[in-house]
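*Asks:* I would like the atomic coordinates for the input below:
(chains A and B)
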There are 2 protein chains.
Amino acid sequence: MYRLQSLAARSLIAGALDQCTPLTLTSLTGVRHKSQGPSVEKYGQMRFLTAEAKVSAGRLNGKMREKTLTMDTLNPQVKAVEYAVRGPIVIKAGEIEKYLEEGGTKPFSEVIKANIGDAHAMGQQPITFLRQVVALCTFPELMDSPSFPEDAKWRAQRILQGCGGHSLGSYSASPGVECIRKDIAAYIEQRDEGVPSDWENIYLTTGASDGIMTILRLLVSGKDSSRTGVMIPIPQYPLYSAAISEMDAVQVNYYLDEDNCWALDINELYRAYQAAKLHCQPRVICIINPGNPTGWYNVKLFLCARKHNALVFVYQDNVYTPDCQFHSFKKVLYEMGPEYFNSVELASFHSSSKGYMGECGFRGGYMEVINMDPEVKAQLVKLLSVRLCPPLAGQAAMDVIVNPPQSDEHSYKQFHQEKSSVLGALADKAKLTEQILNAVPGIKCNPVQGAMYAFPRIFIPPKAVEEAKALGMQPDMFYCLRLLEETGICVVPGSGFGQKDGTHHFRMTILPSIEKLKVLLGKVRDFHISFLKEYSALE
Amino acid sequence: MYRLQSLAARSLIAGALDQCTPLTLTSLTGVRHKSQGPSVEKYGQMRFLTAEAKVSAGRLNGKMREKTLTMDTLNPQVKAVEYAVRGPIVIKAGEIEKYLEEGGTKPFSEVIKANIGDAHAMGQQPITFLRQVVALCTFPELMDSPSFPEDAKWRAQRILQGCGGHSLGSYSASPGVECIRKDIAAYIEQRDEGVPSDWENIYLTTGASDGIMTILRLLVSGKDSSRTGVMIPIPQYPLYSAAISEMDAVQVNYYLDEDNCWALDINELYRAYQAAKLHCQPRVICIINPGNPTGWYNVKLFLCARKHNALVFVYQDNVYTPDCQFHSFKKVLYEMGPEYFNSVELASFHSSSKGYMGECGFRGGYMEVINMDPEVKAQLVKLLSVRLCPPLAGQAAMDVIVNPPQSDEHSYKQFHQEKSSVLGALADKAKLTEQILNAVPGIKCNPVQGAMYAFPRIFIPPKAVEEAKALGMQPDMFYCLRLLEETGICVVPGSGFGQKDGTHHFRMTILPSIEKLKVLLGKVRDFHISFLKEYSALE
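*Replies:* All right, here's what the predicted structure looks like:
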């Protein structure tokens, strides 16, 4: 393949250069003179170019159909990437949506996209204070407006003080605006009840994905990547498998225990590690806390990861089951004593997309990296600097998230109301989802303790499994496509996240409004029952 | 190295897992009960952990000092990355800045960072209309405010209509908000006097760098990358060399003709291509138009690139030398006839950072990709979807850039005044820079026709070259460090951009205010003269 391509590319480029050589003999200056007026020069040039084109065309006949970038020459690692959350089923959902908009008819009036945790798209209202601060940073003339509270103005002023030329339009330092990094460190110290956090270990990112990719990039080399194993929990968030494919690392799956509410079974982790050792070098263990997609949550993890590099993806503000609270990895390391706290290489991530803010579009995020070799840290900063800096509006949003109104501030009351109502609604939705789904025969849904997703297990009758296989499709993809076609509900097949062989699931976000969620879950129930009927041997 | 690391990693992880196994026997549920109250549970857990830690510590003695991520195990491609624009000299400048802030003394009172094209950091004022629209999108309550003009509100409403839940906080489709892609396509059609542009060929990006990286990622595979050559103009913008190192592709330099105002010499391009063919497969030709770092600008280029994949980095609005105007690559292809226009794979990039807007911090950008194989295009969208979407505020900014106030709109007058004054100032600064530098013996500066940078050639006396070599430094790095130490002016050595052997340059932005620029250029002149004296054999 490459040899062919090589020939094609060479002939193309060589051809091009042959073409060009004579031009160096022309007296064409290449600079148009405005004095001639645009139209004249335009036609002047067109005549020249057309003549030139005729010549070239003759000499190049046919060749132009050859493309440099084809499926054969495409980077095979890109080809290998899979990303279920925005995969075929979501594309299909988009097509159906368009079809309905254009007046097409279906057994349903709208497509409900429960495939991605996009809170605002699902109607969640932004936190007023956050938007006030970002608007003030964007358009500082608003500092004079009486309709903006002083505490918002104070924060905006502080952020702008940290920006070049006091403008959100200037680049920040590659790791982010210094005062925002300091606010994040202070927030982490408070979260961890005094465990120290050094602001120079904080790096702002473009959403959490960017940070995860960057740290993986340090660990995984294109050439030796086949030796680098990345241990990830299954079910996982597809970003990890996508990043691993793109970098050509080895994905090492360890399966979470569905029967124990997606707990991590140490023996399973050990099994996965031993198996991996035979064909790669496991160097990263990725732990999702609380779990995405399943709100999986188990403190034993803390005691197991303490001697790995762990990529910890933290949904900081999303624990809402009354008998649980967020456990910080770093705090546990600290409580274990200096021999752990001062040596375990840990990178933990947070983003503005999650929690009660749900500000996905701002692409705000940060990572805290502790115990990284200082020389490696310099390399990390260099790598970040090639991307220049994360978006400033996202950095500003992140600052408000870690530095919200305090109880003695004017905006506190409204902020607290808005935050509580979002988290309260999430808790209600989690409960509702669990209750309705578990009442359906052939569906089992673990409690959703954190995050914003449910990952129910679905029974798919053998007949349906056969039909799917006949279509060259995963059974749960077949199931989700049928669900979409018949109800307009878009959820993601479990196979996109990974699941034990022979088990089937789908992932759905619990973010739609209570009313919409009830409708959605009711439709899922009715669909599932008729699906069972259709494919049950007992019919 | 890898074997050692492997052993280290294995013992670490194995050790960890041994540690963990017994824990599965404990009755620790891992869920804290709020009822116990925070302090009690904290101490409760601390006691347990400390005990546990003691045991483990004994069993792990020493081991913890081993790190998984060291300079030996770091991805060698990351190690290879160089990024002059934010390299050692800029770090040094930051240190001096801090030193001055903390009351330290130097022969100067402030550091002037002329290393990066960061317009707003240099005091350029944002375009009011752009900020109004983004602020309205961020905080829609402002739609009711009489202090915002209707044309800004109209644009903001239109953008929000295109966002999920009408919120800037929702994810957009991975290629960007549809109506913004359509506005960009319309803008390109107008720019190219009617040459068609398909909005589905437009992809919003996080600044231009993100787009360039993404297209390179499609072309360069980790494993076969040694075969993929990327032809770049020298002097280049270091993003290209950095991206090429990170992806382990082969950088193929073609030198621009400094004596001919950085024109592209076709014979040089041909030489570079022939030389490259011997050890790699040149598949990309990168053309910078108008040039960065040197405002290099030559229409012959158009006639040479037409049969390559060309990454064209367009500084759309920055051509301000009176006798030049912007030439669109795509338009020239069109004028050459369908055999070119319908076959040449072309990706061109634009960003909100450049032009008269200078909105770097918003990280807005887009690329237009024509004649890409449809299957490959699907792969591109998949790759983009892993990063979810570009920041929405940056997308909104980009929309204003391509869809500014029209002459019949309320905001036109102010917009036009602001735009003209920025472009006028840029033209003055370009002229001033050229004049003052060319009056200095031993400095030769080509006219700056586009972009926002000057790349003057500097004569460095042999004695100074020797001294630099003795210090293991590039002569121009030595020169720039001296300049920084003695004047506080931070410019980037030409070696960071590439230059013909034996020639030396530095790159400076022309963005400081006229007053500041005069001071800066005066200091450069005085420094250069005394530097020549110091190292001249004639002294």
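*Asks:* Can you show me the strands along the stretch 301-450 of chain A?
*Replies:* For the stretch 301-450 of chain A, strands defined by DSSP state E, counting those that start in this stretch occupy the ranges A:310-314, A:346-351, A:364-370, A:443-444.
*Asks:* Out of those, the one nearest chain B is which?
*Replies:* Of all these, strand A:364-370 sits nearest to chain B, with 8.6 Å by Cβ to the nearest Cβ. To be clear about C-beta, it is placed using only N, CA and C from the backbone, and glycine gets the same treatment.
*Asks:* Show me what the closest one is packed against.
*Replies:* Here strand A:364-370 touches helix A:178-191, strand A:202-206, helix A:207-219, strand A:346-351, helix A:392-402, going by 3 or more Cβ pairs under 8 Å, 6 or more residues apart in numbering or on different chains; DSSP states H and E.
*Asks:* Please see if the last one touches chain B.
*Replies:* Yes - part of helix A:392-402 sits close enough to chain B to count as contact by Cβ under 8 Å from any Cβ of the partner chain, namely A:392, A:393, A:394.
*Asks:* Can you give me the domain boundaries for chain A?
*Replies:* A:84-123+A:414-536, A:128-411 (the TED database).
*Asks:* what's the distance between the shortest one and the middle of its chain?
*Replies:* Between the centre of domain A:84-123+A:414-536 and the centre of its chain there are 19 Å (Cα atoms, centre = their mean, to the nearest Å).
*Asks:* Repeat that for the last one.
*Replies:* Relative to its parent chain, domain A:128-411 has a centroid offset of 12 Å by Cα atoms, centre = their mean.
*Asks:* okay, how far is it across that domain, tip to tip?
*Replies:* 9 Å (Cα to Cα, to the nearest Å).
*Asks:* quick one, phi/psi of residue A:112?
*Replies:* Per-residue torsions, residue A:112: phi -100, psi 110 (degrees, to the nearest 10).
*Asks:* Which residues are in contact with it?
*Replies:* By Cβ atoms under 8 Å, 6 or more residues apart in numbering or on different chains, the contact list for residue A:112 reads A:488, A:489, A:490, A:512, A:516, A:519, A:520.
*Asks:* Could you list everything it pairs with in the sheet?
*Replies:* residue A:489 (DSSP bridges).
*Asks:* Give me the distance between it and residue A:495.
*Replies:* Residue A:112 sits 21 Å away from residue A:495, going by Cβ to Cβ, to the nearest Å.
*Asks:* for residue A:401, same thing?
*Replies:* 34 Å.
*Asks:* Same check on residue A:67?
*Replies:* 32 Å.
*Asks:* Residue A:251 belongs to a strand?
*Replies:* Yes - per DSSP: H, G, I helix; E, B strand; the rest coil, residue A:251 lies within a strand segment.
*Asks:* Go ahead and confirm it touches residue A:228.
*Replies:* No - between residue A:251 and residue A:228 there is no contact under Cβ atoms under 8 Å: 10.5 Å.
*Asks:* ok, and the most crowded of the contacts of residue A:112?
*Replies:* residue A:489 (25 neighbours; other Cβ atoms under 10 Å in any protein chain shown).
*Asks:* That one is in contact with residue A:520, isn't it?
*Replies:* Yes - at 5.7 Å, residue A:489 counts as touching residue A:520 under the criterion of Cβ under 8 Å.
*Asks:* between the residues of helix A:392-402 next to chain B, which has the most around it?
*Replies:* Within the residues of helix A:392-402 next to chain B, neighbour counts (other Cβ under 10 Å) peak at residue A:392, which reaches 35 neighbours.
*Asks:* List the contacts of that one.
*Replies:* By Cβ under 8 Å, 6+ apart, the neighbours of residue A:392 are A:137, A:163, A:168, A:169, A:170, A:172, A:177, B:361, B:362, B:363.
*Asks:* pLDDT score for the closest residue in space to residue A:233 that isn't next to it in sequence?
*Replies:* Once flanking residues are discounted, residue A:233 sits nearest to residue A:256: 5.2 Å by Cβ to Cβ, 6 or more residues apart in numbering or on different chains. Looking at residue A:256, its pLDDT stands at 84.
*Asks:* Count the neighbours of residue A:256 for me.
*Replies:* Residues contacting residue A:256 under the criterion other Cβ under 10 Å number 26.
*Asks:* Please tell me I have it right and it contacts residue A:269.
*Replies:* No - between residue A:256 and residue A:269 there is no contact under Cβ under 8 Å: 9.8 Å.
*Asks:* residues near the closest residue to residue A:198 other than its chain neighbours, how many?
*Replies:* Nearest non-adjacent residue to residue A:198, counting by Cβ to Cβ, 6+ apart: residue A:185, 6.4 Å away. With neighbours defined by other Cβ under 10 Å, the count for residue A:185 comes to 20.
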